[in-house]
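A.B. asks: A structural model of the following input is requested.
(2 chains)
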Amino acid sequence: MYDFEFERPQTVAEAVAALKQEDAQVLGGGQTLIPTLKQRLAMPSKLVSLGGVAELRFVRSAGGTVCIGGATAHATVAADAAAPYPALADLAGQIGDPAVRNRGTIGGSLANNDPSACYPSAALASGATIVTDRRKIAADDYFEGMFTTALDDGEIITEVRFPVPERANYQKFSQPASRFALVGVFVAQYADSVRVAVTGASDDGVFRWTDAEAALTQRFHADVLKDVTAPADDMISDLHGSAEYRAHLTGVLARQAVAAAG
Amino acid sequence: MNKVEMTVNGKPVSGEVEGRQLLVEFLREDLGLTGTHVGCDTSQCGACVVHMDGKAVKSCTMFALEAMNADVITIEGQAAEDGTLNTIQQAFQDHHGLQCGYCTPGMVMSAAALLRDNPKPSEAEIRQYLEGNLCRCTGYHNIIRAILAASGQEVAPMEVE
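C.D. replies: Okay, the predicted model is just below:
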């Protein structure tokens, strides 16, 4: 990989200052960024590791909201969010493999916004708030397409706040080689609405399946989705599955998620 | 160059590294601990698994500087000083849990992490935990048997055809 400066600050303030340099890049757990650097697909002048910033690692639960520090590892979320938000913990426990979950972070996943990553579906379906070093961004305004988010250069995700739904479930059809989602569907039922977010399926990255949401808000039962079809128009087509296959999987997984959410 | 310090297998070590130097490169090239292998170098295969502060990590997918002041344990830290294999290593030998041996350091380190969190895993739990460790000899059955045995569980004798 290309050479770069490496900085390992101890506080968010120090990290923000270190990122002011041109082409500086945040390093979360590195489980995507380091392979990217090895392939010389990125050339930052400086990497600012959040590994030493203890204040960014926490899972807190209060008043119906689960708050997770931006540099919290997937394995920590899988363990510590299990009581307050089981569906979220379950999702975190399905990312990658155990060693990857010990390094990869929620902030890194959301900042990268891989179209097949798991976390974006939980954030979007939960109507989460992405808190950065400078502002709060609603999940509905945050995801702007494949590998694209509302984050500015040098902006750090410090916290993600998830309103805890009454019922929720995540169903992932895992692509066994990469362990990313071939398709993943997160369903969350709140007092006045149901939100359904789909990852792995669309060329535009994670999206809300509004037809399914409308049907489920009327009645939260898998049967109501029988005649609701996901549009295949903008779905990913690759050697792992055609757009039509992904659209079909979206419906199947959504019904499974609703059934599993009880 | 940056100075890095950590504890490896209980001994304090330090070195001068570039920012881009991977932890596995520091272990193998600077410390001469070549038991940790690089298989795929893309974080798929798990041959490079070591423990950092008690957790299994892929040492090809983190920088040496990220292990600053950490407690790192490698495959070299598993056997006793006199070379006596630990329980997991001995079980791998007893149950023929290795063929070419390339993936073995990662398998043993992942198994050690699993058994620390879950001392009596089921076969399904072992298989799921080893999702990130590939054996290209496809010797999975005996690896699973070795880990079951290392956890003190009954292992059915091999059927003779």
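A.B. asks: can you list the residues of the stretch 1-150 of chain A near chain B?
C.D. replies: Applying Cβ under 8 Å from any Cβ of the partner chain, we find that the stretch 1-150 of chain A lies next to chain B at A:1-6, A:8, A:30-31, A:34-35, A:37-38, A:47, A:49, A:51-52, A:75, A:96-100, A:102-103. (Each C-beta comes from the backbone N, C-alpha and C, glycine too.)
A.B. asks: which segments of the chain make up each domain?
C.D. replies: Using chain A here. When chain A is parsed with automatic domain parsing, its domains come out as A:5-49, A:54-163, A:167-261.
A.B. asks: could you do chain B instead?
C.D. replies: The record's domain parsing of chain B by automatic domain parsing lists B:2-76, B:87-150.
A.B. asks: of all these, which one is nearest A:R179?
C.D. replies: domain B:87-150 (6.9 Å; Cβ to Cβ).
A.B. asks: and A:Q39, how far is that from B:T34?
C.D. replies: Distance check for A:Q39 against B:T34: by Cβ to Cβ, to the nearest Å, it reads 25 Å.
A.B. asks: higher neighbour count, these two?
C.D. replies: Using other Cβ atoms under 10 Å in any protein chain shown, the more surrounded residue of A:Q39 and B:T34 is B:T34, with 14 against 10.
A.B. asks: now the domains of chain A in TSV, with mean pLDDT?
C.D. replies: Formatted as TSV, those follow (pLDDT from 0 to 100):
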stretch	mean pLDDT
domain A:5-49	96
domain A:54-163	97
domain A:167-261	96
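A.B. asks: report the buried residues of stretch A:48-64.
C.D. replies: For stretch A:48-64, a neighbour-count test (16 or more other Cβ atoms under 10 Å in any protein chain shown) marks A:V48, A:S49, A:L50, A:G51, A:G52, A:V53, A:L56, A:R57, A:V59, A:S61 as buried.
A.B. asks: which one of the residues you listed is nearest to B:P157?
C.D. replies: Closest approach to B:P157 among these (Cβ to Cβ): A:V59, at 45.1 Å.
A.B. asks: give me the contact list for the longest helix anywhere in chain A.
C.D. replies: Longest helix of chain A, by residue count under DSSP state H: helix A:243-261. In this structure, residues lying in contact with helix A:243-261 by Cβ atoms under 8 Å, 6 or more residues apart in numbering or on different chains are A:87, A:167-173, A:182-187, A:189, A:196, A:198, A:200-201, A:209, A:212, A:216, A:220-222, A:225-226, A:228-233, A:235-237, A:241.
A.B. asks: and if you look at stretch A:234-242?
C.D. replies: So stretch A:234-242 is contacted by A:115, A:175, A:182, A:200-204, A:243-244, A:246-247, A:249 (Cβ under 8 Å, 6+ apart).
A.B. asks: one more pass at 10 Å, please.
C.D. replies: Stretch A:234-242 has contacts (Cβ atoms under 10 Å, 6 or more residues apart in numbering or on different chains) with A:115-116, A:146, A:173, A:175-178, A:180, A:182-183, A:198, A:200-205, A:207, A:232, A:243-250.
A.B. asks: now intersect those with the helices, please.
C.D. replies: Counting by DSSP H, the part of the contacts of stretch A:234-242 found in helices is A:A243, A:E244, A:Y245, A:R246, A:A247, A:H248, A:L249, A:T250.
A.B. asks: ok, now how distant is the first one from chain B?
C.D. replies: A:A243 sits 27 Å away from chain B, going by Cβ to the nearest Cβ, to the nearest Å.
A.B. asks: and for the last one?
C.D. replies: With distances defined as Cβ to the nearest Cβ, the gap from A:T250 to chain B amounts to 24 Å.
A.B. asks: now, of the ones in helices among the contacts of stretch A:234-242, which are buried?
C.D. replies: Of the ones in helices among the contacts of stretch A:234-242, these count as buried by 16+ other Cβ under 10 Å: A:A243, A:Y245, A:R246, A:A247, A:H248, A:L249, A:T250.
A.B. asks: can you verify B:E125 is assigned to a strand?
C.D. replies: No: with DSSP: H, G, I helix; E, B strand; the rest coil as the criterion, B:E125 is located in helix rather than a strand.
A.B. asks: which residues does the closest residue to it other than its chain neighbours contact?
C.D. replies: Of all residues beyond its chain neighbours, the one nearest B:E125 is B:N118 (6.3 Å), with distances taken as Cβ to Cβ, 6 or more residues apart in numbering or on different chains. Applying Cβ under 10 Å, 6+ apart, we find B:N118 in contact with B:E125, B:I126, B:Y129, B:S151.
A.B. asks: quick one on the thing from earlier: which one of the ones in helices among the contacts of stretch A:234-242 is nearest to chain B?
C.D. replies: Closest approach between these and chain B, by Cβ to the nearest Cβ: A:L249, at 20.8 Å.
A.B. asks: for A:I137, give me its contacts.
C.D. replies: Neighbours of A:I137 in contact, by Cβ under 10 Å, 6+ apart: A:A128, A:T129, A:I130, A:V131, A:F143, A:T149, A:A150, A:L151, A:E155, A:I157.
A.B. asks: is it true that the fifth one touches A:V198?
C.D. replies: No: counting by Cβ atoms under 10 Å, A:F143 stays clear of A:V198, with 11.6 Å between them.
A.B. asks: one step back: now the ones in helices among the contacts of stretch A:234-242 as TSV including distance to B:C103?
C.D. replies: Shown next, in TSV, are those (distance: Cβ to Cβ, whole Å):
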residue	distance to B:C103
A:A243	37
A:E244	38
A:Y245	33
A:R246	33
A:A247	38
A:H248	36
A:L249	32
A:T250	36
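A.B. asks: narrow the contacts of stretch A:234-242 to those in strands?
C.D. replies: Mapping the contacts of stretch A:234-242 onto strands (DSSP state E) picks out A:F173, A:L182, A:V183, A:V198, A:F207.
A.B. asks: which residue sits closest to A:L50 in space, ignoring its chain neighbours?
C.D. replies: In this structure, A:L50 finds its nearest non-sequential neighbour in A:A71, 4.4 Å apart by Cβ to Cβ, 6+ apart.
A.B. asks: my guess is B:N142 contacts B:T104. True?
C.D. replies: No: if you go by Cβ under 10 Å, B:N142 and B:T104 don't touch, sitting 11.3 Å apart.
A.B. asks: so what sits against both of these two?
C.D. replies: Residues within reach of B:N142 and of B:T104 at once, by Cβ under 10 Å, 6+ apart, are B:F92, B:G97, B:L98, B:C135.
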